[in-house]
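In: below: sequence and its predicted model.
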Amino acid sequence: MKLTNKIAIITGGAQGIGLATAELLASKGAVAVIGDLSIAKSNELKKREFSGEGSLYEGRLDVADEENVKKFVKMVADKFGKIDILVNNAGICRNALPFEEIPRKSWDKVFNVNTFGTINCTNAVIPYMKAQRSGKIVNSTSVAAEVGGIRTEASYGVSKAANICLTMSLAKYLGPYNINVNAVSPGVIDTPMTDALESADIKSIPLGRIGKPEDVANTILFLVSDLSDYLTGVVIDVNGGMYMR
């Protein structure tokens, strides 16, 4: 699968699934641009050291800030002339609380990143993809959206469930412009967000192990490649069999 000269934005790309995805896409020839809140502010994209076929850049991005998203996407488009791929990976979760004790501000914060952040980034790239009549968008949901949560606040699973419907709505709307919109639904993946999970969670996985960020990145690679040209509105589970449809 080659992505030579493709321009890709990966949100939440400083670690975990996002970083694994950015590095994989770059290894296939893409210019992979990481946007993350943890990256220092700058008026330009910074090139990262990378020995693969493509290249890696990074810039500070707050997906919950609509104006910041617009500026970031414009900066990418101005520098590289187009945007071919958007991976909406940025997300947060909160420690589990009884449902009635979850404060409204926690609901707002989780939705502002997980769902409205996805909307903000997608809205920002749509004009570019419409103009070129092509594009690949991959959203992030979670097994938590499909099984009623996994040791996190309900706000996390509910926000990720919203992303499933969002993916389908966008797929219908953007299909006539030759823009594919799909989603990945990771299970238990070895990232900082899953450090608190217990051995009982792992025992519930038929394949007998937690996933690696690369497992999800490989699926995203498929969804942004030419091999998925006739797929849109699809959610692919990457969970080792933890949840089966």
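Out: All right, it came through fine. Numbers count the residues shown, from 1 in each chain.

In: ok now stretch 157-169, how far from the chain's centre?
Out: Distance of stretch 157-169 from its chain centroid, counting by Cα atoms, centre = their mean, to the nearest Å, is 12 Å.

In: this structure: strands as residue ranges?
Out: Using DSSP state E, the strands of the chain run over 7-11, 31-36, 46-48, 55-60, 85-88, 135-140, 179-186, 235-238.

In: what angle do the second one and strand 7-11 make?
Out: It refers to strand 31-36. With axes from the mean of the first three to the mean of the last three Cα atoms, to 10 degrees as the basis, strand 31-36 and strand 7-11 are set at 20 degrees to each other.

In: check Pro176 and give its pLDDT.
Out: Per-residue pLDDT puts Pro176 at 99.

In: count of residues packed around it?
Out: 9 (other Cβ atoms under 10 Å). C-betas here are computed from N, CA, C, even on glycine.

In: now swap in Gln132 and tell me
Out: Gln132 has 15 neighbours, counted by other Cβ under 10 Å.

In: and it, how far from Glu100?
Out: Distance from Gln132 to Glu100, counting by Cβ to Cβ, to the nearest Å: 48 Å.

In: Ser55 too?
Out: For Ser55, the distance to Glu100 equals 49 Å [Cβ to Cβ].

In: ditto for Leu221
Out: Distance of Leu221 to Glu100, computed by Cβ to Cβ: 42 Å.

In: point to the residue nearest the middle of this structure.
Out: The centre of the chain sits closest to Asn89, judged by Cα atoms, centre = their mean, with a distance of 1.9 Å.

In: hang on, it packs against Ala20?
Out: No - using Cβ atoms under 8 Å, Asn89 is not in contact with Ala20; the gap is 9.8 Å.

In: which one is Lys82 nearest to, not counting chain neighbours?
Out: Ile7 (5.5 Å; Cβ to Cβ, 6 or more residues apart in numbering).

In: so what's the one you found bridging to?
Out: On the basis of DSSP bridges, Ile7 is bridged to Val31.

In: for it, list the residues it contacts.
Out: The contact partners of Ile7, by Cβ atoms under 8 Å, 6 or more residues apart in numbering, come to Ala30, Val31, Val33, Val76, Phe80, Gly81, Lys82, Ile83, Asp84, Ile85.

In: out of those residues, who has the most neighbours?
Out: Within the contacts of Ile7, most neighbours by other Cβ under 10 Å means Val33, with 29 neighbours.

In: select the longest helix from this protein.
Out: Criterion DSSP state H: the longest helix present in the chain is helix 154-174.

In: now the angle from that helix to strand 135-140?
Out: 160 degrees.

In: which parts of helix 154-174 are buried?
Out: Across helix 154-174, burial judged by 16 or more other Cβ atoms under 10 Å covers 154-164, 166-168, 170-171, 174.
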